[in-house]
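Pasted the sequence and its predicted model underneath.
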There are 2 protein chains.
Amino acid sequence: MSKSNTTTICSMCESMSSCFQQLKFEQLENISQNKVQIKFNKKEIVAKQGSFATHIIFIKKGFVKLYIESASQDKNLIINFFSKGSLIGLSSLFESNTYQYSVATMLPSELCLIEVSEIKKLVVKNSEFAISLLKRSHKSTIHAYNQMFNLTQKQLLGRISSAFIYLSESVFESDKFELILTRNELANFTAMSTMSAVRAINDLKKQEIISDNNGIIEILNKEVLVKISKFG
Amino acid sequence: MSKSNTTTICSMCESMSSCFQQLKFEQLENISQNKVQIKFNKKEIVAKQGSFATHIIFIKKGFVKLYIESASQDKNLIINFFSKGSLIGLSSLFESNTYQYSVATMLPSELCLIEVSEIKKLVVKNSEFAISLLKRSHKSTIHAYNQMFNLTQKQLLGRISSAFIYLSESVFESDKFELILTRNELANFTAMSTMSAVRAINDLKKQEIISDNNGIIEILNKEVLVKISKFG
DNA sequence: CAGTAAACGTGATTCACATCACAATAAGGA
DNA sequence: TCCTTATTGTGATGTGAATCACGTTTACTG
């Protein structure tokens, strides 16, 4: 990682999240003065589970995964993916001062690290900002509940199908998208072995429900995909 | 359920949650005037997944479970348990206007249903209140992440052990407690079959890690229990 | 651009857990 | 109080998915 030599002023940032749009000009200036903007290569760790959380991570550009590592480190569970405009690390902020998860880039990314104390001040000053943080937080909670259900109550094909629907609708926002994730990462997101992920994907390909051209996934038969994702 | 004939004034409520302690007297009076206090028997549904969420649920007394129902209704996943002082339904409030989960009593309970609009007003007016809601929300998120990890990465005994530790430390707050939950509910909380839950519990009993006297659970060997919960 | 590591893939085997079948006990309702 | 239903329990069987073993292809990296 390297500190960017062209730090953008927050009020000029075209990736600005909905939260920050609630802020007044001078409040945004405060953020601007209490952040660092950093460039990361792909596959770099941005936040490490267990370490002190002194900053909130804002994604200006790129793509990251948020995941939980096991003690033995061999089993990772990917909780979610985030791209431009996302804000990460809020839960560590109010609940505990250490990260409860790790965050790593999956593409070259530009991130802004904003001081926790600055965010806290703004929550007190600006109730619109507080509400938009509340919305984000509840979105995370609902996503986690859904995933808990998906991962524990559905089997292989249902989990993979749910994952493709989620990626298509909520992450890449298109029926055709570059997957970016490896089979191993998809396995870690769906709580199965890499081998099972490979088999499940090829199964969907053979049934012509999805296609995969060098990493470009296209959902060919959404109706059936949804049916599989619901049945289990 | 039946509307309580002795509605407590919020400012006199001895179950008052930390959130409400942030409120000024007249704000608490507003809550008081915009709530209904209702008595529920055990095993009654308080909130039904999919229905409109017009109220926030405050637990004045009793014990409830929050769970997600499957389409076929035969598979339930219990997300969490709540007792006196808890506030439920906030995520439905900001993210969607329908409940993403169901809530049911497990003991006779007294609940206060507070109008969503009233809570929203207070979040805007009182930033301390907003922050305490943020804290609660993040606590839910972190719990969900932990559970996701537990349920997907650990096996039977690890999951049951984690569950007993959670119940002991975070729900009943004692090494000795009345279980309240049936084997089936414990299975739904640990994402396994009822039969497996029965076997796993009896396994822990045989190893003298826990004891069960007519539903009174005692953790006899916490050290080993923690070890099992970590290994998986 | 060769060498090595990471990612992708297929078939055979193993194992954890669900399911089935059935019994005993406890709880709640007419 | 009896009758029904929920809850707890044990052993045998079946199966979904992990693991193992191995080969192929694609991407880094000096």
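In hand now; what should we look at?

in chain A, which helix or strand is least confident?
Every helix and strand of chain A was ranked by mean pLDDT, DSSP states H and E. The lowest is strand A:2-3, at a mean of 58.

Tell me the first helix or strand C-terminal of that strand.
Later in the chain than strand A:2-3, the nearest helix or strand by DSSP states H and E is helix A:25-33.

in the helix or strand following that next one, what's buried?
Once helix A:25-33 ends, the next helix or strand along the chain (criterion: DSSP H and E) is strand A:35-40. Buried positions in strand A:35-40, judged by neighbour count with 16 or more other CB atoms under 10 Å in any protein chain shown: A:35, A:37-40. C-betas here are computed from N, CA, C, even on glycine.

Is it possible to get JSON lines of those that adds pLDDT?
Listed next are the buried residues of strand A:35-40 as JSON lines, based on pLDDT from 0 to 100:
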{"residue": "A:35", "pLDDT": "91"}
{"residue": "A:37", "pLDDT": "94"}
{"residue": "A:38", "pLDDT": "94"}
{"residue": "A:39", "pLDDT": "93"}
{"residue": "A:40", "pLDDT": "94"}
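
Out of the residues you listed, the closest to residue A:64 would be?
Using CB to CB, residue A:40 is the member of the buried residues of strand A:35-40 that lies nearest residue A:64, at 8.5 Å.

Quick check: the closest one touching residue A:63?
No - between residue A:40 and residue A:63 there is no contact, the gap being 10.5 Å when judged by CB atoms under 8 Å.

How about the longest helix seen in chain A and chain B, touching?
What stands out as the longest helix in chain A, according to DSSP state H, is helix A:127-153. Yes - using CB under 8 Å from any CB of the partner chain, helix A:127-153 reaches chain B at A:127-128, A:130-131, A:133-135, A:137-142, A:144-149, A:151-153.

got the buried residues for that helix?
A:127, A:129-153.

quick one on the thing from earlier: need the residues touching each of residue A:40 and residue A:63.
A:105, A:109 (CB atoms under 8 Å, 6 or more residues apart in numbering or on different chains).

what's the strand or helix carrying residue A:224 packed up against?
Element membership for residue A:224 (DSSP H and E) is helix A:222-231. Judged by 3 or more CB pairs under 8 Å, 6 or more residues apart in numbering or on different chains; DSSP states H and E, the packing partners of helix A:222-231 are helix A:156-166.

Need the contact partners of the helix it packs on.
Here helix A:156-166 has contacts from A:150-151, A:154, A:186, A:189-192, A:196-197, A:199-201, A:203-204, A:209-210, A:217, A:219, A:222, A:225-226, A:228-232, using CB under 8 Å, 6+ apart.

That one close to DNA strand C?
No - contact of helix A:156-166 with DNA strand C is not found when judged by CB under 7 Å from any atom of the strand; the minimum separation is 12.0 Å.

what mean pLDDT does that helix have?
The pLDDT scores in helix A:156-166 average 98.

and what of stretch A:58-69?
Per-residue scores along stretch A:58-69 average to 96.

Compute the first-to-last residue distance for it.
22 Å (CA to CA, to the nearest Å).

Likewise for stretch A:31-51?
Terminal residues of stretch A:31-51 lie 23 Å apart, using CA to CA.

check whether that stretch contacts DNA strand C.
No - against DNA strand C, stretch A:31-51 shows no contacts by CB under 7 Å from any atom of the strand, the least distance being 7.5 Å.

Any stretches of chain A with poor pLDDT?
A:1-5 (pLDDT under 70).

what residues go with each domain of it?
Under the assignment automatic domain parsing, the domains of chain A span A:2-137, A:151-231.

between those, which gets nearest to residue B:93?
domain A:2-137 (8.6 Å).

can I assume residue A:216 is in contact with residue A:175?
No - counting by CB under 8 Å, residue A:216 does not reach residue A:175; the two are 11.3 Å apart.

and the two? which has more neighbours close in?
Of the pair residue A:216 and residue A:175, residue A:175 is the one with more neighbours under other CB atoms under 10 Å in any protein chain shown, namely 14 against 11.

contacting residues around the more buried one?
A:168, A:218-219, A:222.

Quick check, residue A:114 in contact with residue A:30.
No - if you go by CB under 8 Å, residue A:114 and residue A:30 don't touch, sitting 9.9 Å apart.

Return the distance of the closest residue to residue A:100 other than its chain neighbours relative to residue A:137.
Using CB to CB, 6 or more residues apart in numbering or on different chains and skipping the chain neighbours, the partner closest in space to residue A:100 is residue B:142 (5.3 Å). Distance of residue B:142 to residue A:137, computed by CB to CB, to the nearest Å: 11 Å.

quick revisit: right, and the domains of chain A - which one's nearest residue B:19?
Smallest distance to residue B:19 across the domains of chain A (CB to CB): 12.2 Å, for domain A:2-137.

hmm, the closest one touching DNA strand D?
No - Domain A:2-137 stays clear of DNA strand D (CB under 7 Å from any atom of the strand), getting no nearer than 7.5 Å.

Do I have it right that residue A:54 meets residue A:115?
Yes - with contact defined as CB under 8 Å, residue A:54 reaches residue A:115; the gap is 7.1 Å.

These two: which is more packed in?
Shown here are residue A:54 and residue A:115; by other CB under 10 Å, residue A:115 has more neighbours (17 against 13).

That one contacts residue A:55, correct?
Yes - counting by CB under 8 Å, residue A:115 touches residue A:55, with 6.2 Å between them.

how about the residues of chain A near DNA strand C?
A:182-184, A:195, A:198-199, A:201-202, A:212, A:215.

what do you get if the cut-off is 6 Å, keeping everything else the same?
Applying CB under 6 Å from any atom of the strand, we find that chain A lies next to DNA strand C at A:182-184, A:195, A:198, A:201-202.

With neighbour count and secondary structure as extra columns, can I get these in JSON lines?
Converted to JSON lines, the residues of chain A next to DNA strand C look like this (neighbours: other CB atoms under 10 Å in any protein chain shown; DSSP: H, G, I helix; E, B strand; the rest coil):
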{"residue": "A:182", "neighbour count": "13", "secondary structure": "coil"}
{"residue": "A:183", "neighbour count": "16", "secondary structure": "helix"}
{"residue": "A:184", "neighbour count": "14", "secondary structure": "helix"}
{"residue": "A:195", "neighbour count": "11", "secondary structure": "helix"}
{"residue": "A:198", "neighbour count": "15", "secondary structure": "helix"}
{"residue": "A:201", "neighbour count": "21", "secondary structure": "helix"}
{"residue": "A:202", "neighbour count": "11", "secondary structure": "helix"}
